[in-house]
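Student: Sequence and computational prediction follow.
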Amino acid sequence: EIADLPDTHSAGEERLTVEQNIILPNVDEAAVAALAGRAEEALGQVDTAESQDAVRKAMCHQDSRVRANAVEALPSALDETLVAKLVELWNDQEARPRANAVGLLLLQRMDKAMAALEAMLRDSRPAHRRSALWLVRASRQIELARLVAEISVSDHDVRVRAMAEEVISELMQILQPNDA
């Protein structure tokens, strides 16, 4: 994957520093955030203090894609500092970092994570409601079936309603005993 970066982001050019760090010259300004997000993904796969520090710092990046990828790159065992940062992110103004933070805290069985997910489902912004529905689907949150059913018939956004219909259908299949 690293070998593909020069071709996809810097017209095939790459340089190496004395320390063997890769430099990609002439990266289009629009591609910088996407490249930074991919770098965070890769850093999450490296188990060094430096890489984990870089991931932690990226959780505060100005670009939401970088913040979201940083959350995805976190280890499964979280210390108190990381949990505190994730709690901050569940109020993020962008849907994806917010959903990723809530999802990781749900996996940690944090008490307030379910309330944060419910708050996302009730958020005034359609993108946040869709991200919350994605998270309900991915984490199979049967406890939220009633709220998802309400959204499927009453949400003012057509895309949110359609997604809620799909999610409630999947949740109902989980609830029904298997007749086979």
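Tutor: Nice, I can see it.
Student: Based on its surroundings, how many neighbours for Val71?
Tutor: For Val71, the count of nearby residues is 28 (other C-beta atoms under 10 Å). In this view, the C-beta of every residue, glycine as well, is placed from N, C-alpha and C.
Student: whoops, I mixed them up, Ala101
Tutor: 27.
Student: ok, it to Cys60 distance?
Tutor: According to C-beta to C-beta, to the nearest Å, Ala101 and Cys60 sit 12 Å apart.
Student: Name the residues of whichever strand or helix holds Val87 that come out as buried.
Tutor: Per DSSP states H and E, Val87 falls inside helix 80-89. Neighbour-count burial for helix 80-89, counted by 16 or more other C-beta atoms under 10 Å, picks out Leu82, Lys85, Leu86, Val87, Leu89.
Student: Touching, the second one and Arg56? I think so.
Tutor: Going back to what we said before, that points to Lys85. Yes: proximity of Lys85 to Arg56 meets the contact threshold set by C-beta atoms under 8 Å, at 7.2 Å.
Student: Show me the contact partners of stretch 154-161.
Tutor: Pro126, Arg129, Arg130, Leu133, Ile151, Ser152, Val153, Ala164 (C-beta atoms under 8 Å, 6 or more residues apart in numbering).
Student: What helix or strand is the fifth one located in?
Tutor: Same thing as Ile151. helix 145-154.
Student: okay, stretch 115-127 in CSV with CA atoms only?
Tutor: Written as CSV, here are the backbone C-alpha positions of stretch 115-127 (Å, rounded to 0.1, in the frame of the first residue of the first chain):
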residue,chain,number,x,y,z
ALA,A,115,-26.8,7.6,25.5
ALA,A,116,-24.4,9.3,23.1
LEU,A,117,-25.6,7.0,20.3
GLU,A,118,-29.2,7.9,21.1
ALA,A,119,-28.3,11.5,21.0
MET,A,120,-26.8,11.0,17.5
LEU,A,121,-30.0,9.4,16.4
ARG,A,122,-31.9,12.4,17.6
ASP,A,123,-29.4,15.0,16.2
SER,A,124,-30.8,17.7,13.9
ARG,A,125,-28.2,17.0,11.2
PRO,A,126,-29.1,14.2,8.8
ALA,A,127,-25.5,13.1,8.3
